[in-house]
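Asker: Structure for the following, please:
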Amino acid sequence: MKKEILLLMSIQFLVYLGFGIIIPVLPEVIVWNHWNEIHVGGLLTVYALASFFTAPVWGYLSDKFGRKQLILIGLIGFSLSFVIFSLFINHLWMLYASRIVGGLFSGALYTAVTGYISDISTNETRNMYMGFMGMSIGLGFIFGPAIGGVLGHINLQFPFIASAALIALLFVYGLIFLKEPNRRGEANKRKIVPIGARELFNYRIRYLFLFSFIVTFILAGVEATYQLFQIDRIEITPLQLGFLFMFSGFVDAAIQGGVVRRIKDGTETKWLIGAQLVTAGGLLLIIFTSNIFTAGLALCVFTAGNALARTCVVSLTTKESGGRYGTAAGLSYSMDNLGRIIGPLLFTSLFQIESSFGYLVSIFIAMLSILFIVLFKSSRKTLRFEHENA
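Answerer: Below you'll find the model as predicted:
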């Protein structure tokens, strides 16, 4: 494997590790400072907003000034966001500034890294390299909450100090060893509204985009409120939550690596309906949590359903895009980001009304999303065979 790929995998791993680290710590910080719980959702939302709206700009800068420069700038900025968070952990608006900085520079890292991969790969190796990137992201999500919980148990500032130090070391390594690649194309700018989006929405693939939004919306809402809910129910600690998220992360990996690859072509809609039923079951179990065991069981059931839905809908969307993979990927990205922007704010608002209200609403939404799959299956307006017959 090329050493550049290993370095890029390390970058992606640490970016998503940093995102995961905050999950078991952020609610504890809000409760510890006696701030309104709505700020859990707010701090998660501003991160997604900053990344969402600046990604096209970073993509342009990556094409103009080079991948290495943008990666190094992204690493400096991302490390700085953790420093700000750790130094001003008792100052709410500085935490918002930290999250905006983190989202801003995570967008720089994403676009520069994907552009770099495009430059150094061929048609034969690109899928493999992108697979490595996906694996790194998945591992970051698995170990981030666990590390955040363990380090946060020692000191709430410690996870952010450790993340800043690791990313700073990665900057030094990249400065010395990362070489600017020979340019082959443009960075993945991920436009806010991809060109050709309106045309795709004329076909049944639109139901898959709406379904994708709901799946991410529910996931982001659970991430924002799960610890607050369990603090209220069983007085869960960041350490305990970190381990629960780690176990659920392994469930996520098992579903993606062991179940999804066995799904036969043409049966995806059945699996998607089943996934939402499992998701709804997991959400219902969360409401009836009574101890740490039932909390972990509920989270794992929810994760299994959500992981199956996320992965399966991406695969089906690709098949339904009629060969317009870039446009479909851009729209899926937009829907995912909208879910991460709206989900945390809505769920934390509902949490303030009644702790289980958000989960009851999400059960209804999960069941309602099955209607999109029914509409998709009943529609004959597809792009799929246009590409296959071309």
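Asker: Pass me the low-pLDDT residue ranges in the stretch 251-390 of the chain, would you?
Answerer: Across the stretch 251-390 of the chain, the ranges flagged by pLDDT under 70 are 257, 260-261, 323-327, 329-330, 385-390.
Asker: could you pull out the helices for the stretch 251-390 of the chain?
Answerer: For the stretch 251-390 of the chain, the helices defined by DSSP state H, counting those that start in this stretch cover 268-287, 292-320, 325-353, 357-378, 384-389.
Asker: quick one: which of those helices is nearest residue 44?
Answerer: Among those, the nearest to residue 44 by C-beta to C-beta is helix 325-353 (4.0 Å). For every residue, glycine as well, the C-beta is placed using N, CA and C.
Asker: From the contact counts, what lies against the closest one?
Answerer: helix 38-65, helix 197-200, helix 205-234, helix 292-320, helix 357-378 (3 or more C-beta pairs under 8 Å, 6 or more residues apart in numbering; DSSP states H and E).
Asker: so what's residue 127 scoring on pLDDT?
Answerer: Confidence at residue 127, expressed as pLDDT, is 59.
Asker: before we move on, back to that, the helices and strands packed on helix 325-353: which one's closest to residue 263?
Answerer: helix 292-320 (6.5 Å).
Asker: List the buried residues of the closest one.
Answerer: 292, 295-314, 316-320 (16 or more other C-beta atoms under 10 Å).
Asker: leaving aside the residues next to it on the chain, what's closest to residue 157?
Answerer: residue 86 (4.4 Å; C-beta to C-beta, 6 or more residues apart in numbering).
Asker: Might one say that the one you found is in contact with residue 165?
Answerer: No. Assessed by C-beta atoms under 8 Å, residue 86 is found out of contact with residue 165, at 10.4 Å.
Asker: When these two are compared, which one has more neighbours?
Answerer: residue 86 (19 against 13; other C-beta atoms under 10 Å).
Asker: Quick check: mean pLDDT of whatever helix or strand that one lives in?
Answerer: In the assignment (DSSP states H and E), residue 86 maps to helix 67-87. For helix 67-87, the mean pLDDT works out to 93.
Asker: what's that helix in contact with?
Answerer: 11, 15, 18, 58, 61-62, 94-95, 97-99, 101-102, 104-106, 108-109, 111-113, 115-116, 119, 157, 160-161, 163-164, 167-168, 170-171, 174-175, 178-181, 187 (C-beta atoms under 8 Å, 6 or more residues apart in numbering).
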